[in-house]
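> I need the structure of the sequence given here:
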Amino acid sequence: MQAINPPSGPAASPPFPPIEPWQSGCLPVGDGHSIHFEQCGNPQGLPMVVLHGGPGSGCSPRMRQLFDPARFRIVLFDQRGCGRSTPRGECAHNTTADLVADIERLRGHLGVERWLVTGGSWGAALAVAYAAAHREACLGAILRGIFLTGPADLEWFFVGAGALFPQVWQALDAATPGDRQLPLTDRLFDAVQGNDAIVAAEAVRRWMQWEATLDSGCPAPLPVFPDADAQAALLAKYRLQAHYLRRHCFLGEPHLLELAARLGGLPVEILHGEKDLVCRVENARRLQHAVPGSRLRIVADAGHSPFAPSMQQALTDSAVRFPSTQG
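Purely as a prediction, here's the structure:
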C-alpha cells in the first residue's frame, strides 16, 4: 500500500468537454425494474463503468466529462429506482445485492469482457461490492470520496458535522417531527418515507440544504422545488436514499472492508478530497489499509465533489495508469 500526496494548488487542465451518448437504452433486470443505460466516448476504447452516488442520485450529463472520451468506452447507468430507471423511487427488490447483479447483467448485455470500475461516495462502496463479487470481470477500480456505509459515517454526516454549521443543522433537526428521544436519522428517515407529503417535502428540502452545506463548506440556501414533477423526483430520490441508509446500504463498514480485502492484486486507485466534509479522509485511509497494494491520493483543494479542478486532474491521472486496451 502506498500513499501518494499530490502538489498543492488547482489543476491546470480543464474538465473534458460535454459529449452525447452514442447508445442509450433500458435493460429489464427483473422484479419489475428496468435500468436506463448509456454509452459514450470511444466505442473501441477501454471499457469503463461509472457508478453514481447517493444512494438514489442517478447519473447526470456532467458525469460523462469525468474521463477522457478518446481513451475510454464510458458506460453509465441509473441504478434501480434512480433517475430514468423505472419504476422511479421503487424500494421493493432494491438492495445492494440486486445492484451488483444488475451491473453484471449490464456487462453481459453490452458484450464487455472486462471493464474498469469507478465510482464516488456510495458509488465507490458499490464498486467495491461489485468487484469483490465479480473480480474476473474487472480490470481495476478507481474509488473516490470514500463512504464506508456504517454507523460512523451516518453519525458524522447527520450529527457530528452539525457543530460546523449549527444554524443549518438546527433547521434540519427542527424539520424532523416525532419522538425527540429518537436519533435524528430515525426521525428524518421516517419523515421522508412517511405518508405526510408536506412533512416529507420539508424534510427533503432541509436534507438537501444540509448536504449542499457540507459539500460546499459554507451555509447553503434552502432549495426551492421548481415544479411538481421536480418535487416528486426529489422525494423519490431521498426516499430511496433513506431506504438504503437506514439499513447501512445492506453492507456496513466491517463487511465492506472484508469485501475490499478481496481486491488485493487488482489495480485500485483511491482518491479523497482533503477538504471533504461529507465523508471524512480517515475513510480513505481505512480502505487503503484493507486493499493490499492499493494507492491512496489525498487531493488538495478538493472536497466531496468530483468536479473540483484538482479532483478532476486526480481522476485523469489515475485513469491514465490503466492501459488503453485490454490486450
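
> now Cys40: phi and psi?
Per-residue torsions, Cys40: phi -140, psi 180 (degrees, to the nearest 10).

> OK, contacts around it?
Ile19, Glu20, Pro21, Trp22, Arg64, Pro69, Ile74, Leu76 (CB atoms under 8 Å, 6 or more residues apart in numbering). For every residue, glycine as well, the C-beta is placed using N, CA and C.

> how close does the last one get to His248?
The one in question is Leu76. As for Leu76, its distance to His248 is 26 Å (criterion: CB to CB, to the nearest Å).

> what does the third one give?
Noted for Pro21: a distance of 33 Å to His248, by CB to CB.

> how about low-confidence regions in the stretch 101-250 of the chain?
For the stretch 101-250 of the chain, not a single residue meets the criterion pLDDT under 70.

> pop out the phi and psi values for Gln209.
Torsion angles, degrees, to the nearest 10, at Gln209: phi -60, psi -40.

> coming back round to it: settle it for me: which of Leu76 and His248 has more neighbours?
Neighbours of Leu76 and His248, each counted by other CB atoms under 10 Å, are more numerous for Leu76; the result is 24 against 18.

> who are the packing partners of whichever strand or helix holds the more buried one?
Leu76 belongs to strand 72-77 when assigned by DSSP states H and E. Contact partners of strand 72-77 among helices and strands, from 3 or more CB pairs under 8 Å, 6 or more residues apart in numbering; DSSP states H and E: strand 33-41, strand 46-51, helix 96-110.

> tell me which of these lies nearest to Gln312.
Closest approach to Gln312 among those is made by strand 46-51 (13.9 Å; CB to CB).

> what sits up against the closest one?
Taking contacts as CB under 8 Å, 6+ apart, the residues outside strand 46-51 that touch it are 59, 63, 66-67, 71-77, 79, 103, 106-107, 110, 112-119, 123-124, 126-127, 130, 139, 319, 322-326.

> show me where the stretch 151-300 of the chain has its strands.
Remark: strands assigned in the stretch 151-300 of the chain by DSSP state E, counting those that start in this stretch are 268-273, 295-299.

> touching, Asp62 and Ser305? I think so.
Wrong residue type there; residue 62 is Arg, not Asp. No - using CB atoms under 8 Å, Arg62 makes no contact with Ser305, being 10.3 Å away.

> the more surrounded of those two?
Higher neighbour count among Arg62 and Ser305: Ser305, with 17 against 11, using other CB under 10 Å.

> got the contact list for the spatially closest residue to the more buried one that is not a sequence neighbour?
Leaving out its chain neighbours, the residue that sits closest to Ser305 by CB to CB, 6 or more residues apart in numbering is Asp215, at 6.2 Å. Asp215 makes contact with Leu277, Val278, Gly303, His304, Ser305, according to CB under 8 Å, 6+ apart.

> what's the closest non-adjacent residue to the fourth one?
Excluding its sequence neighbours, the residue lying closest to His304 (CB to CB, 6+ apart) is Val278, at 4.0 Å.

> please apply the same query to the first one.
Take Leu277 and drop its neighbours on the chain: the residue closest to it by CB to CB, 6+ apart is Leu214, 4.3 Å away.

> ok, that neighbour - contacts?
Each residue near Leu214 by CB under 8 Å, 6+ apart is listed here: Phe157, Ala161, Leu164, Phe165, Leu277, Val278, His304.

> quick check: the farthest pair among those?
Phe165 and His304, at 14.7 Å, using CB to CB across the contacts of Leu214.

> and for the nearest residue to Ala220 once chain neighbours are set aside, the neighbour number?
In space, and not counting its chain neighbours, Ala220 is closest to Ala212: 3.6 Å by CB to CB, 6+ apart. Using other CB under 10 Å, Ala212 has 16 other residues around it.

> Val112 contacts Ile103, doesn't it?
No - with contact defined as CB under 8 Å, Val112 does not reach Ile103; the gap is 10.6 Å.

> what sits up against stretch 242-258?
Residues from elsewhere that reach stretch 242-258, judged by CB under 8 Å, 6+ apart: 54-56, 91, 94-97, 122, 125, 128-129, 148-154, 185-186, 188-189, 192-193, 259, 286-287, 290.

> can you rerun that using 6 Å?
Pro55, Cys91, Thr95, Thr96, Ala125, Leu148, Thr149, Gly150, Phe189, Val192, Gln193, Ala290 (CB atoms under 6 Å, 6 or more residues apart in numbering).

> quickly note the distance from the residue nearest to the spatial centre of the chain to Phe322.
The chain has Gly53 as the residue nearest its centroid, 1.9 Å off, counting by CA atoms, centre = their mean. Per CB to CB, Gly53 is found 22 Å from Phe322.

> that'll do, ta.
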